[in-house]
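Q: give me a model of this one.
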Amino acid sequence: MEPVQSKEEDDLITPWSVQSKNETGIDYDKLIKKFGSSRIDDDLLERFERVTGKRPHHFLRRGIFFSHRDMHTALNLYEQKKPFYLYTGRGPSSEAMHLGHLISFLFCKWLQDVFDVPLVIQLTDDEKAIWKDLDIDVAIKLAHENAKDIIACDFNPNKTFIFSNLEHIGSNPEFYKNMIRIQKRVTFNQVKGIFGFGDSDPIGKISFPPTQAAPALSTTFPFIFKGARVQCLIPCGIDQDPYFRMTRDIAPKLGLPKPALLHSIFFPALQGPRTKMSASDVNSAIFLTDSPEQIKKKVNKYAFSGGHSTVEEHRRLGGNCDVDTSYQWLGFFLDDDDRLETIRKTYTSGELLTGELKKELIDVLQKLVAGHQLRRKEATDEVVKAYMVPRDLGFVTNN
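A: Below you'll find the model as predicted:
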């Protein structure tokens, strides 16, 4: 189990902070090498399409999900008509989620539709109560508010279980038993090495990682899997990988499958690719509560430009898509490959100006956020409760 921090080129990668000194952001090739994961290559994408009959999501085609652990195992199970399930999560630190928070959920929604499998979504309100020093009741309230944004991604309610750690774990003995099984097998030195905890950190931080690890073990959810030992697939940001490297070490010792993972790159802040968006910096992000006018103002004022200071210079030298936030964000949210390629060519040549590129992004984001807001209005407190009821998700084992 390796440390989570990556210090090559002064990159700092932890589950709570991402910073890079490089103009183009994090060096993901170095992260793959350091973490020991595998690049999602053309062979894997071709196999994905062959096995599922579906064209890979543009997050896969464009390298937004760029790294994996054991994705071939999940495809093997699908080919053999054997089950697996999806697991992802959210740390609810604010009422309003931002666009960066949507990436894993949008991808999970697509994976759930493609594979027709159960999905569990963990809301780590306990983690945020410790790290952000939140009152426990406040943390639970934030979890319920974030659940509304998650539900607005249109997950299948018959195959999706969303849970607050603070509310659910106390009523699920199997969850707590698996936490203890994991806690017994991770030493203090290991957890310090993996997560960088210090002697003055609250003991809650040191004991938290098994709580995030447990949902990757199917026996944690007896009401879904009825004790079956089922493979888990986890789409997440690469910064969350340390939790699951730890889990993969322990799962075989418990007679359970190692979780498979799909890792995404970081969604850059408006100010550029050196950091990821932060809910604590309102000008670094587009929030899912922002109005069309707020979106327009933020993109025009704060989106880092790869263009030049004058029209003449830009026409002559062209723009740099590798550092331009508007182009990078279109890579996440513009589904049309041909349109994106046209934008890249015309911006690089200088034909498309920075203001015109920003307008392209503003149009895409305004439609995306407005649609999300409409669906969120339908996610009432009663709907949230329905997703949070521990229940049978129609899981059937073919073993």
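Q: tell me the mean pLDDT for the longest helix that the chain contains?
A: Identified as the longest helix of the chain according to DSSP state H is helix 354-377. The average pLDDT within helix 354-377 is 98.
Q: low-scoring pLDDT stretches of the stretch 251-399 of the chain, where are they?
A: 273-281, 398-399 (pLDDT under 70).
Q: now tell me what touches the longest helix of the chain from outside.
A: With CB atoms under 8 Å, 6 or more residues apart in numbering as the test, helix 354-377 has contacts from 99, 102, 148-149, 151-154, 286, 288-290, 292, 295-296, 299-300, 303, 305-307, 314, 319, 324, 326-327, 329-330, 333-334, 343, 347. Where you see a C-beta, it was placed from the backbone N, CA and C, and this is true even at glycine.
Q: just the C-alpha atoms of that helix, please, in PDB.
A: Extracted C-alpha coordinates of helix 354-377, given in PDB (Å, rounded to 0.1, in the frame of the first residue of the first chain):
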ATOM      1  CA  THR A 354     -11.600  33.200 -27.100                       C
ATOM      2  CA  GLY A 355     -14.900  35.000 -26.700                       C
ATOM      3  CA  GLU A 356     -16.500  32.800 -29.300                       C
ATOM      4  CA  LEU A 357     -15.100  29.700 -27.600                       C
ATOM      5  CA  LYS A 358     -16.500  30.900 -24.300                       C
ATOM      6  CA  LYS A 359     -19.900  31.400 -25.900                       C
ATOM      7  CA  GLU A 360     -19.900  27.800 -27.100                       C
ATOM      8  CA  LEU A 361     -19.200  26.600 -23.500                       C
ATOM      9  CA  ILE A 362     -21.800  29.000 -22.000                       C
ATOM     10  CA  ASP A 363     -24.500  27.600 -24.300                       C
ATOM     11  CA  VAL A 364     -23.700  24.000 -23.400                       C
ATOM     12  CA  LEU A 365     -23.600  24.700 -19.600                       C
ATOM     13  CA  GLN A 366     -26.700  26.800 -19.500                       C
ATOM     14  CA  LYS A 367     -28.700  23.900 -21.100                       C
ATOM     15  CA  LEU A 368     -27.100  21.300 -18.900                       C
ATOM     16  CA  VAL A 369     -27.600  23.100 -15.600                       C
ATOM     17  CA  ALA A 370     -31.200  24.200 -16.500                       C
ATOM     18  CA  GLY A 371     -32.100  20.600 -17.300                       C
ATOM     19  CA  HIS A 372     -30.600  19.400 -14.000                       C
ATOM     20  CA  GLN A 373     -32.400  22.100 -12.000                       C
ATOM     21  CA  LEU A 374     -35.800  20.900 -13.500                       C
ATOM     22  CA  ARG A 375     -35.100  17.300 -12.600                       C
ATOM     23  CA  ARG A 376     -33.900  18.300  -9.100                       C
ATOM     24  CA  LYS A 377     -37.200  20.000  -8.400                       C
END
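Q: follow-up on the earlier one: drop anything exposed from the contacts of helix 354-377.
A: For the contacts of helix 354-377, a burial check counting by 16 or more other CB atoms under 10 Å picks out 99, 102, 148-149, 151-153, 286, 288, 290, 295-296, 299, 303, 305-307, 314, 319, 324, 326-327, 329-330, 333-334, 343, 347.
Q: which of the residues you listed fall within helices?
A: 99, 102, 148-149, 151, 295-296, 299, 314, 326-327, 329-330, 333, 343, 347.
Q: which of those residues sit farthest apart?
A: Spanning the widest gap among these are I151 and H314, at 42.8 Å by CB to CB.
Q: so what's the nearest residue to V323 once chain neighbours are set aside up against?
A: Spatial nearest neighbour of V323, chain neighbours left out: G306 (4.6 Å); criterion: CB to CB, 6 or more residues apart in numbering. Residues near G306 by CB under 8 Å, 6+ apart: 319-324, 327, 347, 354.
Q: of these, closest to D392?
A: Out of the contacts of G306, the member with the shortest distance to D392 (by CB to CB) is Y327, at 45.3 Å.
Q: ok, the closest one touching E341?
A: No - at 11.3 Å, Y327 does not count as touching E341 under the criterion of CB atoms under 8 Å.
Q: below-threshold pLDDT in the stretch 1-150 of the chain: ranges please.
A: Ranges of the stretch 1-150 of the chain meeting pLDDT under 70: 1-24.
Q: run a quick neighbour tally on K177.
A: Counted with other CB atoms under 10 Å, the neighbours of K177 add up to 13.
Q: how much space between it and D363?
A: Here K177 is placed at a distance of 51 Å from D363 (CB to CB, to the nearest Å).
Q: give the helix, strand or coil label for C321.
A: coil (DSSP: H, G, I helix; E, B strand; the rest coil).
Q: who touches it in this structure?
A: Neighbours of C321 in contact, by CB under 8 Å, 6+ apart: 306, 327-328, 344, 347-348.
Q: G272 against Y302, yeah?
A: No - here G272 lies out of contact with Y302, judged by CB under 8 Å, at a distance of 9.8 Å.
Q: and these two? which has more neighbours close in?
A: G272 (21 against 16).
Q: residue contacts, the nearest residue to the more buried one once chain neighbours are set aside?
A: Leaving aside its sequence neighbours, G272 sits nearest to F304 (CB to CB, 6+ apart; 3.8 Å). Counting by CB under 8 Å, 6+ apart, F304 touches 270-273, 323-325.
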